[in-house]
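J.: this is a predicted model, with the sequence first.
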Amino acid sequence: MTVRGFRASIARPAAALWVELTEWHRQIYAAPEIGGDDPGAAFDEHLERIGPENLWVAEEGGRVVGLAGLIRGGEDLELEPVVVSESCRGRGIGRALAGAVLAAAGDAPVIVRPVGRNAEAIRFFHSVGFDVLSRVELLRHAWDRWQPAERIADRVFRA
Ligand SMILES: CC(C)(COP(=O)(O)OP(=O)(O)OC[C@H]1O[C@@H](n2cnc3c(N)ncnc32)[C@H](O)[C@@H]1OP(=O)(O)O)[C@@H](O)C(=O)NCCC(=O)NCCS
């Protein structure tokens, strides 16, 4: 497995990974509407926003199996997205992608903002060094699909 910079010739498989990320969010929330009708278009917008020099892919046997990006320009640098093709997870590819992004960030602080229900991603981020709870974004929302999930500051929050 090799981590390389993004290039236009692998835009389609990279967009397919972005779609896989959207599908993961649809699955964990049982909400097929997440990401709209054309989640691949959101990848193009992200690429345009962060620039190809801030995207990395993991390749294995000529196949693109992972994607990660670095958002610059905000108050903090942000690792977004990071996704590994489902059949290739658990083999260190996510760690290698995060490593490429963090190397590009240098000594600057980097944030991640996983959705509250994505406990797998939160465990992954913790494993690769994101062990500071910097701030918490709370939501008041009447959606019936939020489920009791996490205890923070001695209170249970739905996610
Ligand atoms: C999160 C994701 C990128 C991790 O990629 P991966 O290639 O499976 O991760 P790695 O194999 O490199 O694992 C790195 C570390 O994270 C841990 N980890 C990864 N997935 C984990 C999980 N589901 N539960 C607990 N720990 C996990 C591993 O145990 C490993 O830690 P270790 O080295 O101390 O053993 C991948 O599961 C994925 O694409 N998920 C769907 C997309 C997503 O949720 N992205 C984040 C959105 S914010």
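T.: Received the coordinates, thanks.
J.: leaving out chain neighbours, which residue sits closest to the residue of the chain found nearest the ligand?
T.: Relative to the ligand, the nearest point of the chain is Gly94 (2.4 Å; Cβ to the nearest ligand atom). Every C-beta, even on glycine, is put in place using the N, C-alpha and C of the backbone. Distances taken as Cβ to Cβ, 6 or more residues apart in numbering place Val84 nearest to Gly94, at 4.9 Å, with adjacent residues excluded.
J.: got it, and Trp56?
T.: Closest residue in space to Trp56, ignoring its immediate chain neighbours: Ala100 at 4.5 Å, by Cβ to Cβ, 6+ apart.
J.: ok, now Phe157?
T.: Glu150 (5.2 Å).
J.: ok, the residue nearest to Arg151 when sequence neighbours are not counted - contacts?
T.: Of all residues not flanking Arg151 in the chain, Phe157 sits nearest, at 7.5 Å (Cβ to Cβ, 6+ apart). Applying Cβ atoms under 8 Å, 6 or more residues apart in numbering to Phe157 gives the contacts Gly116, Leu138, Pro148, Ala149, Glu150, Arg151.
J.: one more: Ile50?
T.: Ile50 sits next to Gly69, Leu70, Ile71, Arg72 when contact means Cβ under 8 Å, 6+ apart.
J.: what does this structure put close to the ligand?
T.: Within the chain, the residues that sit near the ligand (Cβ under 6 Å from any ligand atom) are 21, 24, 82-84, 89-95, 114, 118, 120-121, 123-124, 127-128.
J.: now the helices for the chain?
T.: 11-29, 39-50, 93-105, 119-127 (DSSP state H).
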